[in-house]
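S.K.: let's see this in three dimensions:
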Amino acid sequence: MEPERNWLSVRVRAPFISWLAWARDFEFTRQMIKDAEYDLDTERGRKDLAEAMFRLNVKSVDARYGKGEAAKIRPLDFRYQEEWSCSEAQAYKYLSCWNYQCSEGDVPNDALYKLMERVCDQIAHHIARDSKEYNEAAWG
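M.R.: The predicted structure follows:
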């Protein structure tokens, strides 16, 4: 079956990695990532995380559409390049997209996938807690 290339992607958005590295109020999240051997305080750590996320994305696409299909979507020569950060909402959306794209085969059992799910949840909770509606809602 031919993949629907209009929505299928094999990518990692560099601004998301930059946002993670420098976002305020996410020290716990960065420590979780550091404990997984990706030190976001270093360019090498950010690059390693981005490349690991890319490899997992390729694995998921191949699991869904067949071995070698990811290479038909784009060259698999991913190289992380530092980019300016993005907004918290954009970081959440980039990571949500990545999680969705990586939800095939046994990828959801991968430790990095599970870690990024937790990161995504933490970003979503932070966005909700900062919203006017949340702050005006009754407690309890």
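S.K.: tell me the secondary structure at residue 15.
M.R.: helix (DSSP: H, G, I helix; E, B strand; the rest coil).
S.K.: for the residue lying closest to it once chain neighbours are set aside, give me its contacts.
M.R.: Excluding its sequence neighbours, the residue lying closest to residue 15 (CB to CB, 6 or more residues apart in numbering) is residue 86, at 3.9 Å. Quick note: C-beta positions are derived from backbone N, CA and C, even for glycine. Taking CB atoms under 8 Å, 6 or more residues apart in numbering as the criterion, residue 86 is in contact with 13, 15, 16, 18, 19, 94.
S.K.: now do residue 51
M.R.: Per CB under 8 Å, 6+ apart, neighbours of residue 51: 78, 80.
S.K.: roughly how far does it sit from residue 85?
M.R.: Note on residue 51: its distance to residue 85, by CB to CB, to the nearest Å, is 19 Å.
S.K.: related to what we said a few turns ago, how near is the residue nearest to residue 15 to residue 106?
M.R.: 30 Å.
S.K.: most neighbours among the contacts of residue 86, please name it.
M.R.: Neighbour tally across those (other CB atoms under 10 Å): the maximum, 26 neighbours, falls on residue 16.
S.K.: thought it was touching residue 89?
M.R.: No - counting by CB atoms under 8 Å, residue 89 is not a contact partner of residue 16; they are 11.5 Å apart.
S.K.: helix or strand for the residue nearest in space to the middle of the chain, which one?
M.R.: For the chain, the residue nearest the mean C-alpha position is residue 95 (3.6 Å; CA atoms, centre = their mean). In this assignment (DSSP states H and E), residue 95 forms part of helix 88-101.
S.K.: packing partners of that helix?
M.R.: helix 14-22, helix 43-65, helix 111-129 (3 or more CB pairs under 8 Å, 6 or more residues apart in numbering; DSSP states H and E).
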